[in-house]
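Trainee: Could you look at this predicted model? Sequence included:
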Amino acid sequence: MSHGHKGVAPAHQFESVEQQQRVARFGMWMFLISETMIFGALFTGYAVYWTLYPEAFQEAAQFLDVTYGTVMTVVLLVSSTTVALAITALEGDRRRLAAGLFGVTIALGLVFFVLKIIEYAEKIGDGLLPTRGFEYPGAESADQAQVFFSWYFVITGTHAVHLIVGLAAIGFVIWPILRGTYHAKYFSPVEGTGLYWHLVDVIWIFVFPLLYLMGRAGGMG
Amino acid sequence: MSGPREGFVSAFVVLALLLVLTVLTVVAAYAPIGVFHVPVALALAGLKSILVVLYYMHMRHGRSSDWVVIGTGLLLLAVLIGMILSDVVTRGWSG
């Protein structure tokens, strides 16, 4: 090729750019599934303690804010949509549109993060951070409620760390998209970044009902 | 790569479905369905995840090697959760 996009030649160990992209995708899925195992282990631990302390967990879960949880869910779902749209745009070589859509994703991710900080601040202000200063207003065992809030902070905190990493990754691909380093014929790093962001979304799809919506109808769930 | 794998319209259709399922998730949480709260919540979350994986993550056109990775991971996850919870819930220490 005498003329064309930058980076169309595959790395030397691959026969074609298509093969290189397939391998990158495969590797990304290996990584994503191991991320899934991390969160799976956290959810398992949470389920074990729910089984051990059902009354305390049932009551403690009512202290989470359904409104925050719902708004965060909608924000993340829309942010995943903008990533999907960005990949479609990039595959059609509409690079400015793709970069713009990733910009919207970053804005939505930051909205999610700010909401998370406000929510944490409220919980900590209410004395619900499981430390020496833990002040639990509920009727059930405060010690067991601390375990619930430990899981709440660990699971949502681990998710928030992933969100920040995802935001940084998107930030790193926007400029190369505009510059033409990534384009319709080669965009593996962009695709990997998009897949990662979708995983952050999928994790939250489970966090929302399993933490925020538990035991809302009264009685044991 | 010959053109986009998914159209712009399908992304919005999937978003609409995801939002509808989110509303259902919230409604189900407040509904008097007793012991079915967790199964229903997991089913709805699973459905939403399938939509994201198939359309947004392009696994609708995915290769079998990628599916092997996903399948193996989910199987191991099922073993982890299934074996630990089957132990915990059958002991006499809860309640």
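Mentor: Great, that's in hand.
Trainee: Can you mark which positions in stretch A:132-143 are buried?
Mentor: Within stretch A:132-143, the residues that qualify as buried are A:136, A:138, A:140, counting by 16 or more other C-beta atoms under 10 Å in any protein chain shown. Backbone N, C-alpha and C define where each C-beta goes, glycine included.
Trainee: mind listing what the last one touches?
Mentor: The neighbourhood of residue A:140, defined by C-beta atoms under 8 Å, 6 or more residues apart in numbering or on different chains, consists of A:55-56, A:59-60.
Trainee: Low-confidence regions, chain B specifically.
Mentor: Chain B contains residues with pLDDT under 70 at B:1-2, B:93-95.
Trainee: Could you break it into its assigned domains?
Mentor: As assigned by automatic domain parsing, chain B contains the domains B:1-62, B:64-95.
Trainee: quick one, which of these is packed in tightest?
Mentor: domain B:1-62 (a mean of 16; mean count of other C-beta atoms under 10 Å in any protein chain shown).
Trainee: Does chain A have contacts with it?
Mentor: Yes. Residues of domain B:1-62 contacting chain A under C-beta under 8 Å from any C-beta of the partner chain: B:1, B:3-8, B:11-12, B:14-15, B:18-19, B:22, B:25-26, B:29-35, B:37-38, B:41-42, B:44-45, B:48-49, B:52-53, B:55-58.
Trainee: before we move on, the earlier item: can you tell me which of the buried residues of stretch A:132-143 end up in helices?
Mentor: Among the buried residues of stretch A:132-143, no residue falls in helices (DSSP state H).
Trainee: Can you show me the CA trace of stretch A:73-90 as PDB?
Mentor: Provided in PDB are the C-alpha atoms of stretch A:73-90 (Å, rounded to 0.1, in the frame of the first residue of the first chain):
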ATOM      1  CA  THR A  73     -28.300   2.900  36.200                       C
ATOM      2  CA  VAL A  74     -29.900   5.000  33.500                       C
ATOM      3  CA  VAL A  75     -26.700   7.200  33.100                       C
ATOM      4  CA  LEU A  76     -24.500   4.100  32.700                       C
ATOM      5  CA  LEU A  77     -26.900   2.400  30.200                       C
ATOM      6  CA  VAL A  78     -26.900   5.600  28.000                       C
ATOM      7  CA  SER A  79     -23.100   5.800  28.300                       C
ATOM      8  CA  SER A  80     -22.900   2.200  27.000                       C
ATOM      9  CA  THR A  81     -25.200   3.200  24.100                       C
ATOM     10  CA  THR A  82     -22.900   6.100  23.100                       C
ATOM     11  CA  VAL A  83     -19.900   3.700  23.100                       C
ATOM     12  CA  ALA A  84     -21.800   1.300  20.800                       C
ATOM     13  CA  LEU A  85     -22.700   4.300  18.600                       C
ATOM     14  CA  ALA A  86     -19.100   5.500  18.600                       C
ATOM     15  CA  ILE A  87     -17.900   2.000  17.400                       C
ATOM     16  CA  THR A  88     -20.500   2.000  14.600                       C
ATOM     17  CA  ALA A  89     -19.400   5.500  13.600                       C
ATOM     18  CA  LEU A  90     -15.700   4.400  13.600                       C
END
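Trainee: That one: how far from the chain's middle?
Mentor: Its chain's average C-alpha position is 13 Å from that of stretch A:73-90, according to C-alpha atoms, centre = their mean, to the nearest Å.
Trainee: which SSE is the residue lying closest to residue A:206 once chain neighbours are set aside in?
Mentor: Sequence neighbours aside, residue B:45 is the residue nearest to residue A:206 in space, at 4.9 Å (criterion: C-beta to C-beta, 6 or more residues apart in numbering or on different chains). In the assignment (DSSP states H and E), residue B:45 maps to helix B:37-51.
Trainee: Quick one: residues contacting residue 48.
Mentor: I'll assume chain A. By C-beta under 8 Å, 6+ apart, the residues touching residue A:48 are B:84-85, B:88.
Trainee: should've been chain B
Mentor: A:202, A:205, B:18, B:21-22.
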